[in-house]
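In: Compute the structure for the input listed below.
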Amino acid sequence: MLERHLSLPAPVDLGVDMIGVPKDAEVELDLRFEAVMEGVLVSGTARAPLAGECARCLDPISDEIEVGLQELFFYSDEDASEEDSLLDGELLDLEPTFRDAAVLALPLSPVCSDDCQGLCVECGIRLADAGPDHRHEKIDARWASLQGLVTENDNDQEK
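Out: So this is what the prediction gives:
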């Protein structure tokens, strides 16, 4: 058994629409390599920074992700199926394993806080900044053409 702590740059395009691991960010890997009958079992954890934007208010957010990794790398094609990973001499490629684990652990709609109210659908202002009395007068479209009549009628009665 062999244990290693590695710090490597993140691969390109590791994330979903709203959040992901920035390109070349430092990914901290704590790995254990064990020789088994079929090949080498790699297990451990990976930690990486996250950057993105809140799905509700679009403010920038940053966080960190930690995922568990476990993959068996087979010695030969005879022991492995098409989907399994193979050793290339003494080399093994952990990027697909890390990519799968990290992307599956990412939130599809990240939020800056659980109580984020988002943006006003009418004017786009952040509801957290607008205050509790923020409102917009809504006029039913069916009655909108009568709005001018009421105003004109009020002016006639004042004269």
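In: Can you verify my assumption that His5 contacts Asp30?
Out: Yes. If you go by CB atoms under 8 Å, His5 and Asp30 touch, sitting 5.4 Å apart. Bear in mind the C-beta positions are built from the backbone N, C-alpha and C, glycine included.
In: of the two, who's got more company?
Out: Here His5 and Asp30 are compared on neighbour count by other CB atoms under 10 Å; more neighbours surround Asp30, at 15 against 9.
In: average model confidence for stretch 51-68?
Out: Averaged over stretch 51-68, pLDDT sits at 94.
In: ok, how many other residues are close to Cys112?
Out: Neighbours of Cys112 (other CB under 10 Å): 19.
In: distance of it from Pro60?
Out: 8 Å (CB to CB, to the nearest Å).
In: cool, and Ser76?
Out: Taking CB to CB, one finds Ser76 at 48 Å from Pro60.
In: Glu3 now?
Out: Distance from Glu3 to Pro60, by CB to CB: 36 Å.
In: Please apply the same query to Ile139.
Out: 36 Å.
In: just the helices in the protein please.
Out: 95-105, 127-130, 147-158 (DSSP state H).
In: Give me the contact list for the first one.
Out: Just to be clear, that refers to helix 95-105. Under the criterion CB atoms under 8 Å, 6 or more residues apart in numbering, residues 11, 14-16, 21, 27, 29, 42, 46, 48, 65, 67-71, 85 lie in contact with helix 95-105.
In: I only care about those residues that end up buried; give me the PyMOL line for that.
Out: Buried residues within the contacts of helix 95-105, by 16 or more other CB atoms under 10 Å, are selected in PyMOL with:
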select buried, resi 14+15+21+27+29+42+46+48+65+67+69+71+85
